[in-house]
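**Q** Starting from these lines, generate the structure:
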Amino acid sequence: MQFLLEQILTSAEINDLLDRVRIYQNLTCTENPQRECAKLLNVSISKVTRGAANLRNPKAKKYWKSKFGAT
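**A** Okay, the predicted model is just below:
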């Protein structure tokens, strides 16, 4: 998978994907407010807000919780 992503995405796009995964993990597994999450992960508040909005979808929230083991 890494090889495929390196072929079709720029390094900046790959870093954005990694940031988003870390955001989902943080929002799913902690009770951190969005601003704290942004500060902790050194990302923009808009990226965190987008992730939080996506997690309002019950299907998405269930998926991420299953991947990161949060209850």
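
**Q** Residue ranges in this structure under the pLDDT threshold?
**A** Within the chain, the stretches with pLDDT under 70 are 69-71.

**Q** Against which helices or strands is the biggest helix by length in the chain packed?
**A** For the chain, the longest helix by residue count, based on DSSP state H, is helix 11-29. If contacts are counted by 3 or more CB pairs under 8 Å, 6 or more residues apart in numbering; DSSP states H and E, helix 11-29 sits against helix 2-8, helix 34-41, helix 45-54, helix 58-68. From N, CA and C alone the C-beta is placed, and that goes for glycine too.

**Q** Minimum distance to residue 16: which of those has it?
**A** Closest approach to residue 16 among those (CB to CB): helix 45-54, 8.1 Å.

**Q** got the buried residues for the closest one?
**A** For helix 45-54, a neighbour-count test (16 or more other CB atoms under 10 Å) marks 47, 48, 51, 52 as buried.

**Q** quick check, nearest of these to residue 41?
**A** Set against residue 41, the nearest of those by CB to CB is residue 48 (7.7 Å).
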